[in-house]
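[1] model this:
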Amino acid sequence: MRTLRPNLDNEYALETVLEVPIPEETFDDTKVNHNITNSWQTMKSWMKPHSTDQKHQFSDFSGRSSETQLLLGVIGAPLVPLPVSSAHPAIINPAAKDHPIESSMAKYIVQQYIAAAGGEKALNSVDSMCVVGKVKMVASEFSAGDEVTLNCGVGKALKSKSVKNGGGEMGGFVLWQKRPDLWSLELVVSGYKISAGSDGKVAWRQTPWHHSHASRGPPRPLRRSLQGLDPKSTANLFTNSICIGEKTIKGEDCFVLKLEAEVSALKTRSSNNVQIMKHTIWGYFSQRTGLLHQLKDSHLIRIITPGSESVFWETTMKSLVQDYRTIDGVNIAHGGQTIVSLFRYGEDSESHTETRMEEVWTIEEVDFNIKGLSNDCFLPPSDLIKEEDEPVVRTKSSEKFVGSAKLAFNSRGNLSRFGGAKIVAIDSDSFGDL
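    Take a look at the predicted model:
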């Protein structure tokens, strides 16, 4: 992982220190005319997130831009369904009659998980943490109906088609966290930087192709933290879950805990045009080790368009959590894999689409109880805008999108490579917020 780079503006000045380490593979430009200058110029653009010509720089970076935007929009910084309390999980009531058997079993499994993760004393001793890691993202498959074209407001009708990308996009990230309600993430993948965070009052995200905006509803923890990095928050999240049985995942026998977001919580995250129908999360805890082996969640949203049929998007994410190592008495997962399925249906059957994506991550460094990490480190961007209920309309191929849909992808000529005509029907950031 690289941290020091030459100063691009003044070769005699001090070297640049990158806050987000970039994997060595990112600087392998053998496929781009054997010229390393492009990588340095791309890196320079990362350091200027508010430059006026930023969207032009990113849209022209490579033909993979629309794919990378979608990857980051969906699996870059998604949130869990519900807020998580920083308090310790409630002690199990020994009287089984006080709780349904499914709830009692879930509480016992959570207690076993706490013990396997290091115990109450070790987990409670962690007040903050910093995690440095690298990721590889790939759009493994995209399938859609044939002869489906529409105008995305960029002056060109696009046709969706199947895509298989075997190379993948490399990147790195830095995650800062102070209790589950204070966190900050910076993720850089193939020339794109996405920032997200929460100050305890609002969760937000910022991308090169979209203004800074806040998520609807109360702030929720980052899903990446619950993929084996924050055992205490994971235990708190599943305290009120139910045990729905057992299942073997990759040869590991697991207990399955299920937690579903309440209707009232879903309403606070919905808008006039986007309705959150459901959001469910499952935790698969190993019967052998007691640790979290897989995290799965699924949410269904409905796009409401006046005068036409509704369109539904269902996103399913499965994260295999692996390579546990003990850091200061706490078991932390140092690797894993997430597979995402994004399915769109509604209207006629030919317009149904399915996108499959994959992320593999490894953790390079983990440190707890960071000195000097104050609440001011988690302040949102100054240009943060509370999203309005802009209309998101999908019409016939001869018409245009209106509202926030126009902000989703601006890569001229690149959208067709990943079927942007389908994905642009809803802002890609909306998937991550859900």
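[2] where along the stretch 301-434 of the chain do the strands fall?
    311-327, 330-345, 353-368, 385-386 (DSSP state E, counting those that start in this stretch).
[3] So which elements touch the longest one?
    In this structure, strand 311-327 makes packing contacts with strand 292-303, strand 330-345, strand 353-368, judged by 3 or more Cβ pairs under 8 Å, 6 or more residues apart in numbering; DSSP states H and E. For the C-beta atoms, the positions are set from N, CA and C on the backbone; glycine is no exception.
[4] looking at the strands of the stretch 301-434 of the chain, which is closest to residue 181?
    For residue 181, the closest of those is strand 353-368, at 17.4 Å, according to Cβ to Cβ.
[5] Check the average confidence over stretch 356-371, would you?
    This predicted structure assigns stretch 356-371 an average pLDDT of 94.
[6] looking at it, residue 217 is touching residue 265, isn't it?
    Yes - counting by Cβ atoms under 8 Å, a contact exists between residue 217 and residue 265, whose distance comes to 6.8 Å.
[7] So for the two, which residue has more residues nearby?
    Looking at residue 217 and residue 265 with other Cβ atoms under 10 Å, you find the greater number of neighbours at residue 217, namely 20 against 17.
[8] hmm, back to that, need the helices and strands packed on strand 311-327 in JSON lines with mean neighbour count, can you?
    Below are the helices and strands packed on strand 311-327 laid out as JSON lines (neighbours: other Cβ atoms under 10 Å):
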{"stretch": "strand 292-303", "mean neighbour count": "21"}
{"stretch": "strand 330-345", "mean neighbour count": "19"}
{"stretch": "strand 353-368", "mean neighbour count": "18"}
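[9] Residue 178: which of those is closest?
    With Cβ to Cβ as the criterion, residue 178 lies closest to strand 353-368 of those, at 10.9 Å.
[10] Tell me which other helices or strands the closest one touches.
    The contact analysis (3+ Cβ pairs under 8 Å, 6+ apart) places strand 353-368 against helix 65-75, strand 128-144, strand 311-327, strand 330-345.
[11] Nearest to residue 116, out of the ones you listed?
    Closest approach to residue 116 among these is made by strand 330-345 (6.7 Å; Cβ to Cβ).
[12] what bits of the stretch 251-400 of the chain have low per-residue confidence?
    Across the stretch 251-400 of the chain, residues meeting the criterion (pLDDT under 70) sit at 347-351, 385-400.
[13] and the helices and strands packed on strand 353-368, which is most packed in?
    Using mean count of other Cβ atoms under 10 Å, the stretch among the helices and strands packed on strand 353-368 with the greatest mean number of neighbours is helix 65-75 (a mean of 27).
[14] ok, then the element right after that one?
    Next in sequence after helix 65-75, counting helices and strands by DSSP states H and E, comes helix 101-117.
[15] and that next one, what does it pack onto?
    So helix 101-117, by 3+ Cβ pairs under 8 Å, 6+ apart, packs with helix 120-124, helix 231-238, strand 242-249, strand 252-260, strand 274-286, strand 330-345.
[16] now with 6 Å?
    Under the contact criterion of 3 or more Cβ pairs under 6 Å, 6 or more residues apart in numbering; DSSP states H and E, helix 101-117 touches helix 231-238, strand 242-249.
[17] okay, the angle between that helix and strand 292-303?
    130 degrees (axes from the mean of the first three to the mean of the last three Cα atoms, to 10 degrees).
[18] Just the residues contacting helix 101-117, thanks.
    Helix 101-117 is contacted from outside by 92, 96, 231, 235, 238-239, 241-243, 255, 257, 285, 289-291, 331, using Cβ atoms under 6 Å, 6 or more residues apart in numbering.
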